[in-house]
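**Q** What follows is a predicted structure for the sequence shown.
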Amino acid sequence: MCHETFETRAFSLIRGPIWAFFSALFVFCLYLWSQYFIGVLNRGIESMLLAVTAISVILFVFSSMASFPKIKLEKDGVLLTTGFSSFFFLPNEIKTERDGWVLRLGNWFIGDWLIPFKRKDLVRILGCIEISPPKIPKKGAPIYTIYLIPPVILYLTSYLLKVLNIVLNSILWATIWGLVLTVSLTMFTYKSPINLKIWRFDKKFSCLILNALLGVSIFLFLALTL
């Protein structure tokens, strides 16, 4: 059946190690809370534990959604859904490696290397996808990557201030980080080819909501730990 659709989950080889790290961090936070409640850890560190737990839970949830995406095979390509975002790959952007154990989609910038859960069915149906003309390769990085420059500049600034032993107000510094990350990541995801959708909101508001949550999380983390 060359026109049948097929869906399966997969494990991302790119985001999977990140998920493993945040999973370990989440479990470590649970361990710290258990030690706190039985009295092993000193009282007065509640704010620190809350900050670390809040950021670890958020990162654990998002990395879990991204590390186990859904693959949907259609007759003209593959739709990859990772949490709130989705990507569509044409046949010339799809490759199988290691006898189908690894599915390669796109490239390093927009793409993934995946281990599909239903390998045999996926390999069989992949052979039925219609072949399309090859894409003309693009030169250089996409223009929307310029929106990632502000966080990099902010990080270098924070490093320079640390070297010079200049201390800023923690609330002010946390606010700057939260705003810069929210605006930069919102513009980056909005201008990128990522199809992002949260509930019934369009892409613009979905990008704003998702990255505002991340910005608030970073603000709370820095405000409570600096």
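**A** Received, thanks.
**Q** Please, which helix or strand holds the closest residue to Lys204 other than its chain neighbours?
**A** Once flanking residues are discounted, Lys204 sits nearest to Tyr190: 6.0 Å by CB to CB, 6 or more residues apart in numbering. No exception for glycine: its C-beta is placed from N, CA and C like everyone else's. According to DSSP states H and E, Tyr190 maps onto helix 170-191.
**Q** follow-up on the earlier one: the residue nearest to Lys204: how many residues sit nearby?
**A** 18 (other CB atoms under 10 Å).
**Q** picking up where we left off before, quick check: mean pLDDT across the helix holding Tyr190?
**A** Here helix 170-191 scores 90 as its mean pLDDT.
**Q** Also stretch 80-87?
**A** 79.
**Q** measure that stretch end to end?
**A** 5 Å (CA to CA, to the nearest Å).
**Q** ok, residues contacting it?
**A** Stretch 80-87 has contacts (CB atoms under 8 Å, 6 or more residues apart in numbering) with 12, 15, 62, 65-66, 69-72, 79, 88-89, 105-106, 110-112, 114, 189, 193-198, 206, 210.
**Q** now the helices for this structure?
**A** 16-37, 46-67, 119-126, 149-163, 170-191, 203-225 (DSSP state H).
**Q** Quick check: the residue nearest to Lys204 vs Ile218, distance?
**A** 19 Å (CB to CB, to the nearest Å).
**Q** okay if I get the helices of the chain as a markdown table plus distance to Gly83?
**A** Conversion of the helices of the chain to a markdown table gives the following (distance: least, CB to CB, whole Å):
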| stretch | distance to Gly83 |
| --- | --- |
| helix 16-37 | 12 |
| helix 46-67 | 3 |
| helix 119-126 | 21 |
| helix 149-163 | 21 |
| helix 170-191 | 12 |
| helix 203-225 | 9 |
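**Q** quick one: which of those is nearest Phe6?
**A** helix 119-126 (4.8 Å; CB to CB).
**Q** Which strands or helices does that closest one pack on?
**A** strand 6-12, strand 70-74, strand 94-97 (3 or more CB pairs under 8 Å, 6 or more residues apart in numbering; DSSP states H and E).
**Q** Confidence-wise, which helix or strand of this structure is lowest on average?
**A** Least confident helix or strand of the chain, by mean pLDDT, DSSP states H and E, is strand 195-196 with a mean of 71.
**Q** and the residue sitting furthest away from the middle of the chain, backbone torsions?
**A** Here the centre of the chain is the reference, and by CA atoms, centre = their mean the most remote residue is Gly39, at 36.2 Å. Dihedral pair for Gly39: phi 90, psi 10, per degrees, to the nearest 10.
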